[in-house]
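# Fold the stuff below for me.
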Amino acid sequence: MYPYSIAPWSGREAVVRAVRPTVKNLLTALDEAFPFSWAEPWDRIGLLLGDREAAIDGVLVTLDPSLDAIDTCRRAGANVLLTHHPAFLTTPAFIGPDTGAGGVAYAAASQGVALVACHTNLDRAPDGASSLARALGLPDGEPAESGTQPMAMITVFVPVSPEETRARIASAMSDAGAGRIGLYADCSFSGAGTGRYLELDGLGMPIRNADADNAATGDSRNGAGRPAPTQVAEERLEMVCAPADADRVVAAAREAHPYVEPLIIRTECGIARGAARLGRVSDLSEPTTLAQLAAQAALTFGSTPRVWGDPARWISRVATATGSAGGLLGDIQDSGADALVAGEVRYHDALTAMASGLGGIIELGHDVSEWPLVPILADAVRTAYPDIPIRVDPPHSVWWTP
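Numbers count the residues shown, from 1 in each chain. So this is what the prediction gives:
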């Protein structure tokens, strides 16, 4: 059985302090550990329901938000339910004492439990992407996912004087969510140039709260008698952000900018994925058969997997992916992997992959493959706030086989 670490529900007296961490503090710690910008655009992560300013009594960490999990949370005196899967991907049409996502939201709200999720951002975090391979005892491998990450590029033209202007605008953009690339924060680029403008009648100076001594100057007339544009030394400041944060970043840049009419450009783009990539591909120290690999997976998790392929097929290179892995099949085949261990693969996708030369697919079950992610979530909370009482729900499947 997978060696799931369960922390005792202890240390409550240590949390009774003058100032307790809030849900907002917890969100900041989770964003630092598993950047929210790494999540898919369609995902719902972070705080889905609850009060950001609420002090934390305790945290229950588990895979899925459920009515049972909320009940366990409250019986233990906790007021935060931290899960891998979000309670909903689309806002429920009805929230009330019923089943489904609306029922979970109603139960959490009525019992004062905040719902927090780290989903595809955790899947892409280096520890998350390596979690299944490590649980199986496989060597650390290289990322399986290729391609680009959808991003927005925010470009701002900034006056070079006074000198602190660029730093102030960059800081405001960073606070709004810009500048995070992989494992690095506050990333930006700037280059010097010359800006030009021609004032329209009655517009006045282009700098807010400026006086005559600070105004840029230029030639009053050009050769044709037309007023010449004023020239000013400027920098081109560029930062990237998640598309969902782009409007907020643009607003922050606008607020921090000294110009009455600043030029701020938003461009949708994609950047090459770095550390935040799904899946792993590991080279085995010694070849094994597909049957032996499947038996190892069954023993590790105490669950019977579904296996595609010849049991006697020799395997030297193994790809692993938590949850659904259909979107990675092309990358996995390009990597030269002999077999894939994952949560699940759609039937026709599996047929196509096997027909295209993949030696084997071992489907553990979506939830089983993600059990190793739960302790990673709990460890992130412990690292940030060691005095918060944390309980890790034991792994269990909601499905069974006869």
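# ok, the closest residue to residue 244 other than its chain neighbours to residue 119 distance?
By the measure of CB to CB, 6 or more residues apart in numbering, the closest residue to residue 244 outside its immediate chain neighbours is residue 41, 6.5 Å from it. The way it works is simple: take the backbone N, C-alpha and C, and place the C-beta from them, glycine included. From residue 41 over to residue 119 the distance is 12 Å, taken as CB to CB, to the nearest Å.
# Those two: who's more crowded?
Looking at residue 41 and residue 119 with other CB atoms under 10 Å, you find the greater number of neighbours at residue 119, namely 23 against 10.
# confidence score at the more buried one?
Per-residue pLDDT puts residue 119 at 98.
# repeat for residue 393
In this prediction, residue 393 carries a pLDDT score of 90.
# Leaving out the residues flanking it, which one is nearest to it?
Using CB to CB, 6+ apart and skipping the chain neighbours, the partner closest in space to residue 393 is residue 62 (3.6 Å).
# ok so, going back, surely the residue nearest to residue 244 meets residue 268?
No. When contacts are counted by CB atoms under 8 Å, residue 41 is not listed as touching residue 268 (10.8 Å).
# Overlap in contacts, the two.
Counting by CB atoms under 8 Å, 6 or more residues apart in numbering, the shared contacts of residue 41 and residue 268 are 150, 243.
# Using the three-state scheme, assign the most centrally placed residue in the chain.
Nearest to the centroid of the C-alpha atoms of the chain, with distances taken as CA atoms, centre = their mean, sits residue 121, at 2.5 Å. Using DSSP: H, G, I helix; E, B strand; the rest coil, the secondary structure recorded for residue 121 is helix.
# Distance of it relative to residue 373?
Using CB to CB, which is the criterion applied here, residue 121 is 11 Å from residue 373.
# Same check on residue 328?
16 Å.
# Looking at these two, which has the bigger crowd around it?
Summary of the neighbour comparison: residue 328 and residue 373, criterion other CB under 10 Å, with residue 373 having more neighbours (28 against 21).
# list the contacts for that one?
Here residue 373 is in contact with 63, 84, 122-123, 128, 131, 322 (CB under 8 Å, 6+ apart).
# Just the buried residues of those residues.
63, 84, 122-123, 128, 131, 322 (16 or more other CB atoms under 10 Å).
# which one of those residues sits closest to residue 78?
Ranked by distance to residue 78 (CB to CB), these are led by residue 63 at 16.2 Å.
# To what extent is residue 342 buried, counted in neighbours?
Counted with other CB under 10 Å, residues neighbouring residue 342 total 27.
# for the helix or strand containing it, packing partners?
Assessed by DSSP states H and E, residue 342 sits inside strand 339-344. Secondary structure elements in contact with strand 339-344, counted by 3 or more CB pairs under 8 Å, 6 or more residues apart in numbering; DSSP states H and E, are helix 290-301, strand 314-324, strand 360-363, helix 366-370.
# per-domain residue ranges of the chain.
Domain assignment of the chain by automatic domain parsing yields the ranges 12-123+371-392, 148-272, 278-363.
# Format these as TSV; extra columns: distance to residue 398.
Shown next, in TSV, are the domains of the chain (distance: least, CB to CB, whole Å):
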stretch	distance to residue 398
domain 12-123+371-392	8
domain 148-272	30
domain 278-363	12
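# Out of those domains, which is closest to residue 137?
Using CB to CB as the measure, domain 278-363 is the one of the domains of the chain that comes nearest residue 137, at 7.4 Å.
# distance between the closest one and the chain's centre?
Relative to the centre of its chain, domain 278-363 is centred 25 Å away, using CA atoms, centre = their mean, to the nearest Å.
# Just the endpoints, please. Distance across that domain?
In domain 278-363, first residue to last residue: 17 Å (CA to CA, to the nearest Å).
# Residue 357 is in contact with residue 333, isn't it?
Yes. With contact taken as CB under 8 Å, residue 357 and residue 333 are classed as touching, separated by 6.8 Å.
# Looking at the two, which one has more neighbours?
Neighbours were counted for residue 357 and for residue 333 using other CB under 10 Å; residue 333 has more, 16 against 9.
# Could I get the pLDDT score of that one?
In this prediction residue 333 is given a pLDDT of 96.
# do the same with residue 99
In this prediction, residue 99 carries a pLDDT score of 75.
# Correct me if wrong: residue 282 contacts residue 133.
Yes. Because the distance of 5.3 Å satisfies CB under 8 Å, residue 282 is recorded as touching residue 133.
# Between the two, which contacts overlap?
What both residue 282 and residue 133 touch, as defined by CB under 8 Å, 6+ apart, is the set 139-141, 318, 320.
# Out of those, who's the most crowded?
The residue in these with the most neighbours, by other CB under 10 Å, is residue 320 (30 neighbours).
# Quick one: residues contacting that residue.
The contact partners of residue 320, by CB under 8 Å, 6+ apart, come to 132-133, 136, 138, 141, 279-282, 340-342.
# redo that, cut-off 7 Å
132-133, 136, 138, 279-280, 341-342 (CB atoms under 7 Å, 6 or more residues apart in numbering).
# quick one: contacts of the strand holding residue 342?
132, 136, 290, 293, 297, 315, 318-325, 332, 358-366, 368-370.
# Parallel or antiparallel, list what pairs with it.
Neighbouring strands of strand 339-344 in its sheet, by DSSP bridges, are strand 314-324 (parallel), strand 360-363 (parallel).
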